[in-house]
Structure formats: C-alpha cells, structure tokens
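Student: sequence-free structure coming up:
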C-alpha cells in the first residue's frame with residue numbers, strides 16, 4: 001500500500017514539474033499547460049501503474065484454522081462424508097470473492113469450536129470446478145451441511161456465526 005502511495009506522489013511530482021517547465025504557451029497542451037494539470041495527469045498515469053500494488057495490499061491472505069480441511073477431489077470428500085451420522089460443513093469459496101473473504105473468519109471459528117464433532121471442509125471453486133459443478137455451487141459463498149453424506153442444509157451468501165452454529169448444534173444433538 002505504501003509503495004502505491006509513493007508511486008502516486010512521484011507521478012504527481014513529475015507531472016507538476018513537466019507542467020511547470022513545459023513549453024506550452026497557449027494552454028492547450030493537457031500535460032504541460034500548468035503545474036496543477038501536470039500533477040493531475042501524472043497522478044492518473046501513476047495510478048494506472050500502481051493499481052495492482054494497491055489492490056494486492058487489500059487482498060492479504062486470511063489466516064486459516066488448523067482444523068479446516070481442504071479437499072481436492074470428490075473421492076476425498078466422499079470418504080469424509082460417508083461415515084454414518086457424521087456432520088460435515090462444506091464451504092465453497094473463491095479467493096476473489098469478497099463475501100467469501102468476509103465469511104472466512106466465521107468458518108475458521110466454526111472449525112475451532114466444533115473440531116470434535118464436525119468436519120469443516122473448504123473447496124476452492126476456481127481450483128476444483130468439477131466438485132463445484134457436482135454440488136451445483138453456482139453462487140458463492142455456498143455452505144452445505146451434510147449428515148452421513150446426505151445434504152441437510154444449503155446456505156448461499158455469508159451468514160453470522162450464530163446461524164451456522166445453531167444449524168450444526170441442531171444436527172449434532174439429533
């Protein structure tokens with residue numbers, strides 16, 4: 001983030017210098033008419049250059065809970081789900097999805113709180129699109145709760161920790 005801001009300031013400074021020392025006397029040149037106009041154009045050009053750095057600063061990875069299982073194949077998922085009366089919470093997500101990133105800390109907290117009773121599984125729909133298609137995950141975030149391999153709940157969109165915890169407790173106590 002700091003690099004992006006520095007690039008913007010340097011661009012504005014260079015643009016202002018070009019505007020100040022430019023050879024445009026009639027005021028029609030967009031970059032060199034005045035220092036203010038030069039600074040504006042320099043900032044715009046610098047923004048184009050710095051945009052990827054600024055965006056990357058906001059996409060810091062969210063720390064994962066050690067109790068979350070990442071699945072890469074249908075066989076892995078099936079082996080976890082086929083245990084009788086076993087509860088699984090499956091989170092279909094993507095790295096670029098803002099609601100998925102909002103939901104990630106909730107999923108991590110659920111994994112820590114229910115580590116003895118529930119398997120919390122995360123599936124990245126970009127990396128494992130076949131699994132997403134198999135479970136008809138057309139909108140993300142999608143959370144599916146299964147008991148003994150049978151789907152019991154399907155929740156699209158981010159919800160509160162309490163919502164997911166209540167559902168897991170409902171099936172845990174049956």
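Tutor: Received it, and whenever you're ready, just let me know what you need. Everything numeric here is computed off the predicted structure, so don't read it as measured data.
Student: low-confidence bits of this protein, can you list those?
Tutor: Low-confidence segments of the chain (pLDDT under 70): 1, 4, 23-33, 57-61, 174.
Student: which stretches of it form helices?
Tutor: Along the chain, counting by DSSP state H, helices occupy 2-21, 35-58, 74-81, 98-113, 129-134, 161-172.
Student: residue 62 - how many residues pack around it?
Tutor: Residue 62 has 14 neighbours, counted by other CB atoms under 10 Å. (Each C-beta comes from the backbone N, C-alpha and C, glycine too.)
Student: what's near enough to touch it?
Tutor: With contact set as CB atoms under 8 Å, 6 or more residues apart in numbering, residue 62 has these partners: 101, 104-105, 108.
Student: return the members of those classed as buried.
Tutor: Buried members of those, counted by 16 or more other CB atoms under 10 Å: 101, 104, 108.
Student: in this structure residue 22 contacts residue 38, no?
Tutor: Yes: in terms of CB atoms under 8 Å, residue 22 counts as a neighbour of residue 38; the distance is 6.9 Å.
Student: between those two, which is the more surrounded one?
Tutor: Higher neighbour count among residue 22 and residue 38: residue 38, with 26 against 16, using other CB under 10 Å.
Student: the buried ones among the contacts of residue 62 into TSV, with extra columns for distance to residue 47?
Tutor: As requested, those are exported to TSV (distance: CB to CB, whole Å):
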residue	distance to residue 47
101	24
104	29
108	34
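Student: and the residues you listed, which is closest to residue 87?
Tutor: Using CB to CB, residue 108 is the member of the buried ones among the contacts of residue 62 that sits closest to residue 87, with 17.3 Å.
Student: so the closest one touches residue 91, yeah?
Tutor: No: between residue 108 and residue 91 there is no contact under CB under 8 Å: 10.1 Å.
Student: and residue 126, how far is that from residue 100?
Tutor: The gap separating residue 126 from residue 100 is 11 Å, by CB to CB, to the nearest Å.
Student: nearest to residue 122, of the helices of the chain?
Tutor: For residue 122, the closest of those is helix 98-113, at 6.8 Å, according to CB to CB.
Student: show me what that closest one packs onto, helices and strands only.
Tutor: Applying 3 or more CB pairs under 8 Å, 6 or more residues apart in numbering; DSSP states H and E, we find helix 98-113 packed against strand 68-70, strand 87-93, strand 118-124, helix 161-172.
Student: same thing but 10 Å
Tutor: Helices and strands touching helix 98-113, by 3 or more CB pairs under 10 Å, 6 or more residues apart in numbering; DSSP states H and E, are strand 68-70, strand 87-93, strand 118-124, strand 142-147, helix 161-172.
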